[in-house]
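1. sequence-free structure coming up:
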Ligand code: KIV
């Protein structure tokens, strides 16, 4: 399987071939995603909530991201890996943004980076792209600034739709190679997808975006705290894992495990 390039994502849009992306934060998950031949993996800062137990993504650091990007790259060497820029790692100055984006590629060894925001980050996106780092945008519901947006809720409704479209156009003009559209009305996802020449990847962006992304732990039933409406749970692993652990406990207590075949002569 050949790793897809940013140019290839563009060709996929032109051919109407949907782009598939999920998150991963460790080696075994990345290995399984590559085995299933998905197009891209996002090492998202959702790491903080899905894996590290926080209730927001805000506290995520560059070092934490790089720590998790490395094993994902090792687990899926032939898959395009996107590293998420954490809150505060690209908003201080263009120099800071370029330095941190470059760290993602140099230390994490991922293929491109993603950052949140629209027109307000367009100049930063241009600077990072000019420095040689491919950038994926992320607009609509942007979890890093969720308190400014009034909570985890749908964005771009009514008059606000025009603002999200302007953000998308600004990111495209700045050189982003694709854009994540999170939690917006389906009609707006369709409109933005039609207006842009770069691919859109939806998460709660409706059926007409050029691709879809889901958080691994949401789709596998491994995150029980909250499941957004846009998530499809493809399997519910949590109860299966609890049952396996209960069985293990019972078998150890009763002496049913280990059996003779598990022992050394
Ligand atoms: O961090 C993440 O997982 C994301 C997705 C929700 C797109 O940004």
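-> Done, it's in. Everything quoted here is computed from the prediction, not taken from an experiment.
2. who touches the closest residue to the ligand within the chain in this structure?
-> Proximity of the chain to the ligand (Cβ to the nearest ligand atom) peaks at residue 44, 2.3 Å away. (Glycine included, C-beta is placed from N, CA and C.) By Cβ atoms under 8 Å, 6 or more residues apart in numbering, the contact list for residue 44 reads 23, 25, 84, 114, 215.
3. quick one: residue 23 and residue 219 touch, right?
-> No: the criterion here is Cβ atoms under 8 Å, and residue 23 misses it with residue 219 at 9.3 Å.
4. the two: who's more crowded?
-> Using other Cβ atoms under 10 Å as the criterion, residue 23 and residue 219 rank with residue 23 on top: 27 against 18.
5. close to the ligand: what parts of this structure are there?
-> Neighbours of the ligand within the chain, by Cβ under 6 Å from any ligand atom: 23, 42, 44-46, 84, 138, 180, 182, 203, 213, 215.
6. filter those residues down to the buried ones, PyMOL style.
-> A single PyMOL command selects the buried members of the residues of the chain next to the ligand (16 or more other Cβ atoms under 10 Å):
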select buried, resi 23+42+44+45+46+84+138+180+182+203+213+215
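7. show me what residue 211 is bridged to.
-> Under DSSP bridges, the beta-bridge partners of residue 211 are residue 19, residue 201.
8. from the residues of the chain next to the ligand, which land in helices?
-> Among those, DSSP state H puts none in helices.
9. let me know the closest of the residues of the chain next to the ligand to residue 164.
-> Nearest to residue 164, judged by Cβ to Cβ, of the residues of the chain next to the ligand is residue 182 at 10.3 Å.
10. need the residues of the chain next to the ligand in TSV (columns: distance to residue 230 and pLDDT).
-> Formatted as TSV, the residues of the chain next to the ligand follow (distance: Cβ to Cβ, whole Å; pLDDT from 0 to 100):
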residue	distance to residue 230	pLDDT
23	14	98
42	16	99
44	15	98
45	18	98
46	14	97
84	18	98
138	15	98
180	12	98
182	9	98
203	6	98
213	10	98
215	10	98
